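**Q** Please work out how this folds:
(one chain, ligands or ions: 1)
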Amino acid sequence: MRKNVIAGNWKMNKLLGEAVQFVEDTKAKVPSHDSVESIVCAPFPYLPTLVEKTKGTDLKVAAQNMHFEESGAFTGEVSPSMLSDIGVTYVVLGHSERREMFAETDETVNKKTHAAFAHNLIPIVCVGETLEERETEKTMEVVEAQVKAALAGLSEEQVNQTIIAYEPIWAIGTGKTATSEQANEVCTHIRKVVADAVSADAGEAVRIQYGGSVKPANVDELLAQSDIDGALVGGASLEADSFLQLVEAGAK
Ligand SMILES: O=C(CO)COP(=O)(O)O
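**A** Okay, the predicted model is just below:
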């Protein structure tokens, strides 16, 4: 039985006081880590404070991106060792907003997955098709290529720990959710791609989240699908109450 992972991706939202208030309001209320992994993906400047404030609780903290290099002349970037050094445990990689607006490629995502494991960070690797790709029936092909590229060269053990987030771009922030059947169909395909590329066991073990307009009203139906093991949530993760409802759904 795979454990659900519910991650709130705050994106570029909240000021420090609001971020702290959020974790104060949720950290003692999230279900046990044994029943669901509850994660907030916060902007870089808040990570040390949030890691400190959530120590010893079941709420975990993720970064939303990182560089793949260890250190050097990369003005404005944050390295994997900086994240692990301050106690961050997960990192979102290859979000479609970074692919679209910040020149993230399959190749850099792959370098970042390797760098994450080298620094004990669990990667949440985002994949997903555009509306045009869906309408021209390229979804499976596009997602397959992204998954294979992201995982290339990882060991079976590393793939077992990887979290893949399937986020159809047309469903992000639009209020348009993929139907639970549409979402599951792609997640099933991703699982098969991992099984074929790595091993049957890795295909079984890898956790696959759905993301795109997930909210308390639709999360149960999405999580009830055979191959969906959680959600990566933007808008509906910004309020403590809504986030708590989502993690409680993940613990069922
Ligand atoms: O991009 C997303 C999470 O990473 C999804 O965002 P929304 O939940 O706001 O659609």
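**Q** Next to the ligand, which bits of this protein? Give me the list.
**A** Of all the residues in the chain, those in contact range of the ligand (CB under 6 Å from any ligand atom) are 9, 95, 167, 172-173, 211-214, 232-236. The C-beta positions use only the backbone N, C-alpha and C, and glycine is treated the same way.
**Q** Let's see which of the residues you listed end up in helices.
**A** Using DSSP state H, no member of the residues of the chain next to the ligand falls within helices.
**Q** Now that you've got the residues you listed, can you turn the buried subset into something I can paste into PyMOL?
**A** To isolate the buried members of these in PyMOL, using 16 or more other CB atoms under 10 Å:
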select buried, resi 9+95+167+172+211+212+213+214+232+233+234+235+236
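**Q** I'd like the residues of the chain next to the ligand written out as TSV, with pLDDT added.
**A** Formatted as TSV, these follow (pLDDT from 0 to 100):
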residue	pLDDT
9	98
95	98
167	98
172	91
173	87
211	97
212	96
213	95
214	97
232	98
233	98
234	98
235	98
236	98
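**Q** Give me the subset of the residues of the chain next to the ligand lying in strands.
**A** With DSSP state E as the criterion, strands contain 9, 211, 232-233 from among these.
**Q** This protein: helices as residue ranges?
**A** 16-26, 47-54, 80-85, 96-101, 106-118, 131-135, 139-151, 156-161, 180-197, 200-205, 216-223, 240-251.
**Q** So for residue 32, which of those helices sits nearest?
**A** The minimum distance between residue 32 and those falls on helix 240-251, with 7.7 Å, by CB to CB.
**Q** beta partners for the residue sitting nearest the centre point of the chain?
**A** Taking CA atoms, centre = their mean, the centroid of the chain lies closest to residue 124, which sits 3.8 Å from it. Counting by DSSP bridges, residue 124 forms beta bridges with residue 92, residue 163.
**Q** which residues does the nearest residue to residue 55 once chain neighbours are set aside contact?
**A** If the residues on either side of it in the chain are set aside, residue 55 comes closest to residue 87, at 7.7 Å by CB to CB, 6 or more residues apart in numbering. When the contact criterion is CB atoms under 8 Å, 6 or more residues apart in numbering, the partners of residue 87 are 48, 51-52, 55, 61.
**Q** farthest pair in these?
**A** Between all members of the contacts of residue 87, the longest pairwise span (CB to CB) is found for 48 and 55 and amounts to 11.3 Å.
**Q** higher neighbour count, these two?
**A** Using other CB atoms under 10 Å as the criterion, residue 48 and residue 55 rank with residue 48 on top: 14 against 11.
**Q** residue of this structure with the smallest distance to the ligand?
**A** When CB to the nearest ligand atom is the measure, the chain has its nearest residue to the ligand at residue 234, with 2.4 Å between them.
**Q** any idea how far that residue lies from residue 129?
**A** 17 Å (CB to CB, to the nearest Å).
**Q** swap in residue 74?
**A** When residue 74 is compared with residue 129 (using CB to CB), they lie 30 Å apart.
**Q** These two: which has the busier surroundings?
**A** For residue 74 against residue 129, the residue with the higher neighbour count under other CB under 10 Å is residue 129, and the figures read 24 against 11.
**Q** pLDDT value on residue 60, please?
**A** Note on residue 60: pLDDT of 98.
**Q** and the gap between it and residue 89?
**A** Taken as CB to CB, the span from residue 60 to residue 89 is 5 Å.
**Q** swap in residue 249?
**A** Following CB to CB, the distance that separates residue 249 from residue 89 is 22 Å.
**Q** between those two, which one's more packed in?
**A** The residue with more neighbours, out of residue 249 and residue 89, is residue 249; 23 against 16, by other CB under 10 Å.
**Q** ok, that one - contacts?
**A** 6, 216, 219-220, 223.
**Q** Ramachandran coordinates for the most far-flung residue of the chain relative to its centre?
**A** Checked against the mean C-alpha position of the chain, the extreme residue using CA atoms, centre = their mean is residue 73, at a distance of 27.8 Å. According to degrees, to the nearest 10, the main-chain angles of residue 73 amount to phi -80, psi 80.
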